[in-house]
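> got a predicted structure plus its sequence, pasted below:
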Amino acid sequence: MTTTPTKEGSAAVQARRVLVLNSGSSSVKYQLLDMNDRSRLAIGLVERIGEETSRLLHTPLTGGDAETRERTGRIADHAAALKAAAEELAADGLGLDSPELAAIGHRVVHGGLRFTEPTVITDEVLTEIERLVPVAPLHNPANITGIRTAEALRPDLPQVAVFDTAFHTTMPEYAARYAIDVETADAHRIRRYGFHGTSHAYVSRKAAELLGRAPEEVNVIVLHLGNGASASAVAAGRCVETSMGLTPLEGLVMGTRSGDIDPAVTFHLKRVAGMSTDEIDVLLNKKSGLVGLCGDNDMREIRRRIDEGDERAALAFDIYVHRLKKYIGAYSAVLGRVDAVVFTAGVGENSAPVREAAIAGLEELGLVVDAGLNAVRSGEPRLISPNYARVAVAVVPTDEELEIADQTFALVGQAESAGQQVPVGQVDN
Ligand SMILES: Nc1ncnc2c1ncn2[C@@H]1O[C@H](COP(=O)(O)OP(=O)(O)O)[C@@H](O)[C@H]1O
Ligand SMILES: CC(=O)OP(=O)(O)O
Ligand SMILES: [Mg+2]
C-alpha cells in the first residue's frame, strides 16, 4: 500500500476512504466509500431516532454476501445514532479510527446564499449553518449534531459540508424572489433557496449522459420524489427554477408536507381555528401531504389500498399526481425546450403508476410513456418513452451519497495537492 507523509511528517497509509453522513430529521443514512474505485464498503440507516422503535440497519459490503445486521430499541438522539453506526463499522474492521479515512462528508440541507460550493467545515462555517436553523428547522439541527459528533470521534479529519441549496444558487433573481415587500424580504433573507440540489445536479448530469449529450446541451426537468419531493428546471446544466422555497415545505405534495398552499391558510388557522404557530408548523410539515390526505405516506401502501378500492387513498394519489403535472407544465414553459423529464428518488424510481399518471395527457408537450418500458424494474438509468417521442422521459436513480463523497474527496484532494493545510479539529464541541 502507498504511504504518504502526514501533516506531522510521519508515514501513514494513503487515506482514500470517505464516510458520508446524511442526517435527516429522524434518521441518519451513512455510507463508507473507497474512493479508489468509488465502491461502497458499508451502508447503513438509523431510523425513528428518539422513538421507542428506533432501528439501525447496517450492511457491510466487503465480504461475499451482503448481510444486513439489525439493532432495535430506542436510540435517543442523533449523537447516539452516529455512535451506534461507528460501532457497527468498527465491528467490520471499518472503524472511524482507520488511517485510511480521508474525510467525512456531510449533507447539509440549508446553506443560504453564502455556500455555493462544498466547504471544509470550520467553526465559522458551523456558526453560519446554525444561523440558518430557523429556515430549516427539521434538517439543519440534525446536520449540526452529525458534524459535532463526527468531529468528536475524529478531530484530526477534515469534515466537508455539501449543501442541498448550492446547486440552486444559479437561479435568476426573478425566479428566486417572492413578490413581497423587498425591504422585508431582504431584512429577513426571505427568498427561494431550493433543496435536494445534490440530487438535482447528479440526476440532471446523468440524464444528459443517458441522452448521449453534454450537460450544456440539454434542458431537463428533474422530479425528485422521495419523502421530501421537489422539481427543478435545469437549462444547460444550471438550475433555473425549483419548487422548494425558503424552506423545504413549498412545492409538490410530499409524504408528510403540504407543498403549495395559499399562505392565508396559516392566518385562517391562527385566527379562526386558534392554532399556534408551532401547531401550524407541525400540521403543514408533519401531518399533511399524503399522510394528511389518507393516513399513509408510503406510495406502496397507497397503491395497495387503491387496488382494494380505497377512495381516500385514490384521492390522495390524484392530488399528488395533479400537482406533479402542474409543475411539469410550468417548467416546460420556463425552459421553452425540454429534452427530458426525469424521475428520481424512492417514488420516482419505483412507482410506475405515479410516472404513468404524471405524464398521461401531456402528448401536446411531446411527452409519452411506453407502458412496457415503464414497467421494467432496474437500478440503472433508463428511458421509459418510446423512440418516436419528441421529449425523453427517463428514470435515473439518484445517488446523493456518491455525489457527496466525490465532492468531499475532490475538495480535500485539491487542497492537499495545492499544499494547503486542510482545516481540521476546528469545530468546538
Ligand atoms: N417500491 C416502491 N414503490 C413505490 N414507492 C416506493 C417504493 N420504494 C420506496 N417508495 C417510496 O419512496 C419513499 C422514500 O423515498 P426516499 O427517496 O428513500 O426518501 P427520503 O430520502 O426522503 O427518506 C417511501 O416513503 C415510499 O413512498
Ligand atoms: C430537503 C428535504 O426535503 O430533504 P428530505 O427529502 O431528505 O426530507
Ligand atoms: Mg432523500
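On my side now, so go ahead. Residues are numbered from 1 along each chain as shown. Ligands and ions are numbered 1, 2, ... in the order given.
> who does the longest helix along the chain touch, helix- and strand-wise?
Assignment by DSSP state H gives helix 311-335 as the longest helix of the chain. Judged by 3 or more CB pairs under 8 Å, 6 or more residues apart in numbering; DSSP states H and E, the packing partners of helix 311-335 are strand 219-225, strand 229-235, strand 238-242, helix 289-294, helix 299-307, helix 352-359. C-betas here are computed from N, CA, C, even on glycine.
> let me know how buried the residue in the chain positioned nearest to ligand 1 is, in neighbour terms.
At 2.0 Å from ligand 1, Gly346 is the closest residue in the chain, using CB to the nearest ligand atom. For Gly346, the neighbour count with other CB atoms under 10 Å is 17.
> from Gly226, how far out is it?
5 Å (CB to CB, to the nearest Å).
> would you say Ile190 is within a strand?
No - applying DSSP: H, G, I helix; E, B strand; the rest coil, one finds Ile190 to be coil, outside a strand.
> now it: how far from Phe167?
Taking CB to CB as the measure, Ile190 falls 20 Å from Phe167.
> what does the longest helix of the chain contact?
With contacts defined as CB atoms under 8 Å, 6 or more residues apart in numbering, helix 311-335 is touched by 175, 219, 221, 223, 225, 231-233, 235, 240-241, 243, 251-253, 259-260, 290, 293-296, 302-303, 305-306, 338, 341, 353-354, 357-359, 361-362, 365, 367.
> how does it look with 6 Å?
Around helix 311-335, the neighbours that count as contacts under CB atoms under 6 Å, 6 or more residues apart in numbering are 219, 221, 231, 233, 235, 241, 243, 252-253, 290, 293-294, 302, 305-306, 338, 357-358, 365.
> can I get the buried part of those as one PyMOL selection?
In PyMOL syntax, the buried subset of those is picked out as below (16 or more other CB atoms under 10 Å):
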select buried, resi 219+221+231+233+235+241+243+252+253+290+293+294+302+305+306+338+357+358+365
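> residues contacting the most centrally placed residue in the chain?
Taking CA atoms, centre = their mean, the centroid of the chain lies closest to His196, which sits 4.1 Å from it. Residues counted as contacts of His196 (CB under 6 Å, 6+ apart) are Asp164, His224, Ser230.
> same thing but 7 Å
Residues in contact with His196 (CB atoms under 7 Å, 6 or more residues apart in numbering) are Asp164, His224, Gly228, Ser230.
> hang on, isn't the second one packed against Ser230?
If I follow you right, that is His224. Yes - in this structure His224 lies within contact range of Ser230 using CB atoms under 7 Å: 5.3 Å.
> picking up where we left off before, ok, Ile190 and Phe167, which is more surrounded?
Ranked by neighbour count (other CB under 10 Å), Ile190 and Phe167 place Phe167 first, with 25 against 16.
> the more buried one against Ser199, yeah?
No - using CB under 7 Å, Phe167 is not in contact with Ser199; the gap is 8.7 Å.
> now the residue in the stretch 51-200 of the chain positioned nearest to ligand 2: how far from Glu183?
Nearest to ligand 2 in the stretch 51-200 of the chain, going by CB to the nearest ligand atom, is Phe195, at a distance of 3.6 Å. Going from Phe195 to Glu183 by CB to CB gives 26 Å.
> out of these two, which sits in the more crowded spot?
Counted by other CB under 10 Å, Phe195 and Glu183 do not tie: Phe195 has more neighbours, with 30 against 8.
> alongside ligand 2, which residues does the protein contribute?
Within the chain, the positions near ligand 2 by CB under 6 Å from any ligand atom are Gly24, Val109, His139, Asp164, Phe195, His196, Gly226, Asn227, Gly228, Pro248.
> in stretch 399-412, what counts as buried?
So, applying 16+ other CB under 10 Å, buried residues of stretch 399-412: 399-409, 411-412.
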